[in-house]
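Here is a sequence with its predicted model. Questions after.
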Amino acid sequence: MAATLEFTKRPKVISALADSLTMIKRSSTHIIRNTDQLLGTFFQPIMFLVLFTAVFAGAVGLALPPSVPYINFLMAGIIIQTVAFGSTTTAVAVCYDLKKGIIDRFRSLPMSSSAVLTGHVVSDVFRNTISTTVMLLAGLLFGFRPSASFFEWLGIAGIIVLFTLAFSWLAAIMGVLAKSVEGVQWMTFIIIFPLTFASSAFVPAESMSGWLRPFAENQPLTHIIEAIRALMIGTPVGDHVFWAVVWCVGILVVSVPIASILFRRKTTN
Amino acid sequence: MPQKDAIVIKNLKKSYGKTEVLKGVNLRVPRGSMVALLGPNGAGKTTTVRILSTLLKFNSGDVKIEGHDVATEQDAVRLAIGLTGQSAAVDELLTGRENLVMMGKLYRLTTKSAKARAEELLQQFDLVDAANRPLKTYSGGMRRRLDLAVSLIATPPIIFLDEPTTGLDPRSRMAMWDIITELKKQGTTILLTTQYLEEADQLADRIVVIDGGKVIAEGTAKELKAKIGNDRLELTFATHKAFDEATKILGKTVVDSSEKDKTVTALIKDTDKDVEKVLSIIHKAKLKIEAMAIHKPTLDDVFLSVTGKTKKGAK
C-alpha cells in the first residue's frame, strides 16, 4: 500500500457540518446528472406560466383591479406552487436512498446521519433558485412588470428560501415514512395539490366559495404568496410577511427534528 | 496489549418480533485471517453482518470489534470496519471517482488523502477507464468492484463481505476472488458470508457453518471434510445381473447403491490400495464395469450432512 492516509481531527459539530457539505455536494450533483429532472426544472415553470396566463387571464382578470395585469398577480403564486411541487424531489430522493443499499453504506460510516437529509433539502434550494430565475426571466418576456426595490427583492428571495427549506423538510418526513417511491409521490401530491390550489396562488381568495374561503384566506401558503406578491408588485402587505415567516419557522422547528429522528429510527432497525 | 481476535461474538441473540433469527451465535475471527460464514438463505448470515457493522440492534449477547463494543462504541467500530453488502451501496448518479472521494471524506479522511486513495483504488480495481462515468453505466461486476473499493477507502483493518459474488458471472466472480485474496495477503481481517461452498473452500482459513440462527459446525475446510469421512468409489455396471452380484460380493463396503442406475458406491479408506482391491475382486468375478468415479468429500457433503437437508432442498 502506497500513501499513508491522513484523517481529519475535528470537533464533532465541525465534522457534522463537513458531512452536510459533502452530502449537499452529492445531492446538487444529482440535479445536473438527472437529465429528466433537469428538464422539469427548466421547462415546467415556463409551461405553467404560459398555460395559466392563457387560461385564467380573462376570467380572473375581472376579479382584479383594472390596474393589475393577471401575470403580475400570478407570478408570486406560480413561484410558490413550483417550489411546493418541487419539494417532492426531496421526498422521492430520501425514499430512494432508504430503499437502496447506499443507506447501509452511510450508516456504517462514522458520519452524521441527518447529513443525508440536509444534502437533499439544501440541493432543493439550489434547484428552486434555478427554477425561480427561469420563471422570472420568462415572466418578464411575457409582460410581467414588478415594482420591487432591491431590498424588496432580497426579502422575496429570503421568503422563498425559507419556504423551500420548510417544505423540503416536511417532504423529507414523507420520504422517510413512505413505503415506496410511487407512494411518496401520491402522499406529497395529496397534501400539496389542495394547499396550492385552495390558496391565493391563482385566483384571489375572496373570490372563492363559502366554506373554502376562510381556509384559503388563512392558510400558510396564502400568507407566503401574499407576502411575496406585496413585495413584488406593491399590493397591501398587511401582516402577511409576519405570518409567512412565523409559518415557515414554525414548520422548520417541528419538521427538522421529526425528520431526523424518524430517519435515524428507520435506519437502525 | 492488543487482543488476538479482531472480532468476538458471544452468545448473540436477535429476534424480529417473535421470530428468533439468531439463537446464540458464537464466533471469533483472529486478526489477519479470513473466516467464511457459510449457510443457506435465511440462516442469519446477513443479520450477523448487519449487527457487526452497527446497522442493526440486537437483543442480547456480547459483540466486540477490535475490543470496541458494537452497541456502545459505534463511532470507534465504524472507523475500524468496511462493509460490502449484497446490493451495491454506491451512488448511481455520481461517477466512480466521485463515489470514492465522497465516501473517503465521510470516513473522515482529509480531502487530499481521499483523492489520492481514490486514484490508488481505481488503479488496483482496474476502474481507471470508467472513473469519470456515472455508476448507472457500470456492469454488475464493475459495480461490485467499485463497491468493494469504497469499503477500502480508509484502509479499515476489518472488512465484511456479505455475499460479494452473488449474482456475478463466472469471470467477474474470479476477478472478485483475486481481489479478496490480495486483500488477505495485505493483512486485512475478513469476514465473508456466502452460500457457495466452493467460495468458502477457496478463500477462507476457517469456515463457520450457520443454519437456522445457530452455528452448526466449524473448522478448516480440511477438518470439515474429514468429519464426513473417506473417499467413495462409484461403479456403474453394464447389466442388472452384474449390479446384483457386485452388491453381494462387496458386502459391507457398499454405502449406497442405485438399482435404476446400476451403480454401487463403496467406501474406501486408503484410496490407492483399496481401489485396486475392489477392482480386482470385480475383475475376478468377471463383472463388466461401464463407468467408474472416485468422489472426494466436498463441502457440499459437509453442509448437507450437518444441516440434515437433502441435496435438492439445499441447492
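Happy to help now that I have it.

give the contact list for residue A:136.
A:75, A:79, A:144 (C-beta atoms under 8 Å, 6 or more residues apart in numbering or on different chains). In short, each C-beta sits where N, CA and C put it, glycine included.

Let me see the ranges of the helices in the stretch 151-269 of chain A.
A:181-197, A:212-218, A:220-233, A:240-268 (DSSP state H, counting those that start in this stretch).

count of neighbours near residue 259?
All of this is about chain A. Each residue near residue A:259 was counted by other C-beta atoms under 10 Å in any protein chain shown, and the total is 26.

Wait, chain B was what I had in mind.
11.

Now do the same contact list for it.
With C-beta under 8 Å, 6+ apart, residue B:259 has these contacts: B:240, B:243.

Quick check: pLDDT value at it.
If you check residue B:259, the pLDDT there is 83.

Could you list every helix and strand in contact with the least confident helix or strand in chain A by mean pLDDT?
Across the helices and strands of chain A, mean pLDDT, DSSP states H and E gives its lowest value to helix A:35-61, namely a mean of 83. Where contact means 3 or more C-beta pairs under 8 Å, 6 or more residues apart in numbering or on different chains; DSSP states H and E, helix A:35-61 is packed against helix A:12-33, helix A:70-86, helix A:115-141.

Need the winner for burial among the ones you listed.
Neighbour counts (mean count of other C-beta atoms under 10 Å in any protein chain shown) averaged over each of these peak at helix A:70-86, with a mean of 24.

Counting by contacts, list what it packs against.
Using 3+ C-beta pairs under 8 Å, 6+ apart: helix A:70-86 touches helix A:35-61, helix A:115-141, helix A:150-177, helix A:181-197, helix A:220-233.

Mind checking the pLDDT average for whichever helix or strand comes after it?
Sequence-wise, the next helix or strand downstream of helix A:70-86 (DSSP states H and E) is helix A:88-99. Helix A:88-99 comes out with an average pLDDT of 90.

Would the next helix or strand after helix A:88-99 count as contacting chain B?
As assigned by DSSP H and E, the chain's next helix or strand after helix A:88-99 is helix A:102-107. Yes: applying C-beta under 8 Å from any C-beta of the partner chain, one finds helix A:102-107 in contact with chain B at A:102, A:103, A:104, A:105, A:106, A:107.

The last one against residue B:55, yeah?
Looking back up the chat, that one is residue A:107. Yes: the criterion here is C-beta atoms under 8 Å, and residue A:107 meets it with residue B:55 at 5.2 Å.

Could you list the low-pLDDT ranges of the chain?
With no chain named, the answer covers chain A. A:1-3, A:268-269 (pLDDT under 70).

Hmm, no, I was thinking of chain B.
By pLDDT under 70, the weakly predicted segments of chain B are B:1-3, B:228-229, B:308-315.

And for residue B:249, the neighbour number?
When neighbours are counted by other C-beta under 10 Å, residue B:249 comes out with 16.

Now the least confident helix or strand of chain A: buried residues?
Going by neighbour count (16 or more other C-beta atoms under 10 Å in any protein chain shown), the buried part of helix A:35-61 is A:37, A:40-41, A:44-46, A:48-49, A:52-53, A:56-57, A:60.

quick one: it to chain centroid distance?
17 Å (C-alpha atoms, centre = their mean, to the nearest Å).

Just want the angle from that helix to helix A:70-86.
Here helix A:35-61 runs at an angle of 140 degrees relative to helix A:70-86 (axes from the mean of the first three to the mean of the last three C-alpha atoms, to 10 degrees).

tell me the angle of helix A:35-61 relative to helix A:12-33?
80 degrees.

and the direction of helix A:35-61 versus that of helix A:115-141, what angle?
50 degrees.

any idea of the angle helix A:35-61 forms with helix A:88-99?
Using the same axes, to 10 degrees, helix A:35-61 lies at 150 degrees relative to helix A:88-99.

What sits closest to residue A:19 if chain neighbours are left out?
Closest residue to residue A:19 in three dimensions, ignoring its sequence neighbours and counting by C-beta to C-beta, 6 or more residues apart in numbering or on different chains: residue A:115, at 3.8 Å.

ok, that neighbour touching residue A:26?
No: with contact defined as C-beta under 8 Å, residue A:115 does not count as touching residue A:26 (9.5 Å).

what ranges do the helices span in chain B?
Under the criterion DSSP state H, helices of chain B are mapped to B:45-52, B:74-80, B:96-106, B:111-124, B:140-151, B:170-185, B:197-203, B:221-228, B:240-250, B:271-284, B:299-307, B:311-314.

For residue A:137, which of those helices is the nearest?
Residue A:137 lies closest, by C-beta to C-beta, to one member of the helices of chain B: helix B:96-106, at 30.9 Å.

does chain A sit close to the closest one?
Yes: judged by C-beta under 8 Å from any C-beta, helix B:96-106 and chain A are in contact via B:98, B:102, B:103, B:105, B:106.

Could you pull up the residues touching the third one?
Neighbour list for residue B:103: A:105, A:109, B:150, B:153 [criterion: C-beta under 8 Å, 6+ apart].

Counting neighbours, what do you get for residue B:280?
Each residue near residue B:280 was counted by other C-beta under 10 Å, and the total is 10.

Residue B:56 versus that one, what's the distance?
60 Å (C-beta to C-beta, to the nearest Å).

and if you look at residue A:46?
Distance, residue A:46 to residue B:56, using C-beta to C-beta: 48 Å.

who wins for most neighbours among the residues of helix B:96-106 next to chain A?
residue B:103 (29 neighbours).

The residue nearest to residue A:145 when sequence neighbours are not counted: what's it in contact with?
The shortest distance from residue A:145 to any residue other than its chain neighbours is 6.3 Å, reached at residue A:72 (C-beta to C-beta, 6+ apart). By C-beta under 8 Å, 6+ apart, the contact set of residue A:72 is A:144, A:145, A:146, A:232, A:233.

and what of residue A:192?
Shown in contact with residue A:192 (C-beta under 8 Å, 6+ apart): A:84, A:85, A:87, A:88.

Near chain B, which residues of the stretch 101-250 of chain A? Just list them.
So far as C-beta under 8 Å from any C-beta goes, the stretch 101-250 of chain A lies against chain B at A:101, A:102, A:103, A:104, A:105, A:106, A:107, A:108, A:109, A:110, A:111.
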